[in-house]
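Chemist: Okay, structure incoming, though there's no sequence with it:
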């Protein structure tokens, strides 16, 4: 799992850089619109909207953009009609990949996703073909300078977290999706700054990859992430940290 976590961490840091150019704001706007459409415009009574707003704010998205996205989602402002889409398929060496998207043109998005899979020696599968290999989990990231590891571990264990992983400069807390908000509040009450809060799909098991297969998988994942209709991409790969670092930071 370490390789998968390393990839997720690098993608988060890359998104921070992209946010300075406004590159990731479209994805945040779409998620806020969909969350507001499905659950209403009150973040206190809409957990998905609350999380989407918090993530957007963490990337310094202007408050006016957030307000307009909510208005569009609830129909108070005219906008395109978005629908949620999920694609499942296989990458090099048969690794499982899940793609979550929001689109105003399902046919266009399907064509784009299929093309990307094919380009990097993967193939799009039928709905449900790999979904059973993943579990919905909550993730919190905290910079290591914020708190000692032993103290953090005792705090989150009591709050119901499932695991704590330590990278060079940050902690990754893994929790059941329903416990995410509770753990977040406990940490905030202790004055601990959280750098990222998200819901993700974690693989139940991973496939170790090396060489060209590893490189093609990372390029496939990166290309899917770059598509404007794609919100999230998940894979069950395990690739050495140095390979991930080399490929994703080029």
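Modeler: Great, that's in hand. All values derive from a computational prediction rather than experimental measurement.
Chemist: Could you verify my assumption that residue 161 touches residue 173?
Modeler: Yes: contact between residue 161 and residue 173 holds when scored by Cβ atoms under 8 Å: they sit 5.3 Å apart. (C-beta placed from N, C-alpha, C; glycine too.)
Chemist: tell me which element residue 208 is part of?
Modeler: strand 207-209 (DSSP states H and E).
Chemist: helices and strands around that strand, which ones?
Modeler: strand 237-239 (3 or more Cβ pairs under 8 Å, 6 or more residues apart in numbering; DSSP states H and E).
Chemist: tell me what whatever helix or strand comes next after the strand it packs on is packed against?
Modeler: Going down the chain from strand 237-239, the next helix or strand is helix 241-248, by DSSP H and E. Contact analysis of helix 241-248 by 3+ Cβ pairs under 8 Å, 6+ apart lists helix 2-19, helix 211-226 as its packing neighbours.
Chemist: returning to what we had before: between residue 161 and residue 173, what contacts are shared?
Modeler: Residues touching both residue 161 and residue 173 (Cβ atoms under 8 Å, 6 or more residues apart in numbering) are residue 183.
Chemist: Show residues contacting the longest strand anywhere in the chain.
Modeler: For the chain, the strand with the greatest residue count under DSSP state E is strand 134-143. Residues outside strand 134-143 that contact it (Cβ under 8 Å, 6+ apart) are 8-9, 12, 96, 98, 152, 162, 169-177, 179-180, 183-184, 187, 192-204, 234, 236.
Chemist: Report the next helix or strand after the least confident helix or strand in the chain by mean pLDDT in sequence order.
Modeler: Confidence across the helices and strands of the chain bottoms out at helix 2-19, with a mean of 65, counting by mean pLDDT, DSSP states H and E. Going down the chain from helix 2-19, the next helix or strand is helix 25-39, by DSSP H and E.
Chemist: What residues of that following helix count as buried?
Modeler: 25, 27-37, 39 (16 or more other Cβ atoms under 10 Å).
Chemist: same thing with stretch 111-119?
Modeler: 112-113, 116-117.
Chemist: Would you pull up how far it lies from the middle of the chain?
Modeler: Relative to its parent chain, stretch 111-119 has a centroid offset of 20 Å by Cα atoms, centre = their mean, to the nearest Å.
Chemist: So, low pLDDT: which residues of the chain?
Modeler: 1-6, 9, 12-22, 248-250 (pLDDT under 70).
Chemist: Touching the strand holding residue 208 from outside, list them.
Modeler: So strand 207-209 is in contact with 92-95, 217, 236-239, going by Cβ under 8 Å, 6+ apart.
Chemist: before we move on, the earlier item: out of the buried residues of helix 25-39, which comes closest to residue 71?
Modeler: Comparing those against residue 71 with Cβ to Cβ places residue 36 closest, at 8.1 Å.
Chemist: show me what contacts the closest one?
Modeler: Shown in contact with residue 36 (Cβ under 8 Å, 6+ apart): 46, 49, 69-70, 72-74.
Chemist: okay if I get those as a markdown table plus secondary structure and distance to residue 227?
Modeler: Formatted as a markdown table, the contacts of residue 36 follow (DSSP: H, G, I helix; E, B strand; the rest coil; distance: Cβ to Cβ, whole Å):
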| residue | secondary structure | distance to residue 227 |
| --- | --- | --- |
| 46 | coil | 26 |
| 49 | helix | 24 |
| 69 | helix | 20 |
| 70 | helix | 24 |
| 72 | helix | 21 |
| 73 | helix | 21 |
| 74 | coil | 26 |
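Chemist: Select only the buried ones of those residues in PyMOL?
Modeler: The following PyMOL line selects those of the contacts of residue 36 that are buried, judged by 16+ other Cβ under 10 Å:
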select buried, resi 46+49+69+70+72+73
